[in-house]
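**Student:** Curious how this folds, go ahead:
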Amino acid sequence: MTDKPAKPVPAITPELAPFFEAARRHQLVVQRCGGCGALRFPARPVCSACLSHESTWVPVSGRGKVFTLAIMHQAIDPGFAAEVPYAVVLVELDEGVRMITNVVDCPASEIEIGMPVEVVFEEVSPPGEVQVTLPKFRRVPSGSA
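**Tutor:** Predicted coordinates:
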């Protein structure tokens, strides 16, 4: 019996540590500028709106819509081979921030621009390693958007 290759796990940088800590608690957070209040993701040291260096991490709703997507028909990494074809999506959260992610529990062929989605969390760490939890999204059932 052969084991399937492991998917790559993101490195937890100091800048994104609060994001990953919140994800482990199944909470979605983004940075809020301390100068102008603009939300941003991914984390960065300076606000592009007002150039402030002050920021905090704040929870967001975890609801949004698919802004755009790309269907991957080839696995760049062997860890994704069993999932081809799969979609890489850009979700625009209700708060306006955009995140690159995946839509789970939905065939890639059914994902559409504008489709309402909500956050779910997936444990992706290999056993024995530091726990990494990733926010992913699932389609919001009809009538509950």
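**Student:** gap between the longest strand seen in the chain and the chain center?
**Tutor:** If you go by DSSP state E, the chain has its longest strand at strand 63-72. How far strand 63-72 lies from its chain's middle: 11 Å, per CA atoms, centre = their mean, to the nearest Å.
**Student:** So which bits of the helix or strand just after it are buried?
**Tutor:** Downstream of strand 63-72, the first helix or strand assigned by DSSP states H and E is strand 86-93. Using 16 or more other CB atoms under 10 Å as the test for burial, strand 86-93 gives 86-87, 89, 91-93. (Each C-beta comes from the backbone N, C-alpha and C, glycine too.)
**Student:** who touches the closest residue to residue 83 other than its chain neighbours in this structure?
**Tutor:** Distance criterion CB to CB, 6 or more residues apart in numbering; nearest residue to residue 83, sequence neighbours excluded, is residue 75 at 7.5 Å. Residue 75 is in contact with 81, 83-84, counting by CB atoms under 8 Å, 6 or more residues apart in numbering.
**Student:** Need the residues you listed in CSV (columns: neighbour count, distance to residue 57 and pLDDT).
**Tutor:** Formatted as CSV, these follow (neighbours: other CB atoms under 10 Å; distance: CB to CB, whole Å; pLDDT from 0 to 100):
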residue, neighbour count, distance to residue 57, pLDDT
81, 12, 35, 91
83, 13, 30, 89
84, 13, 34, 92
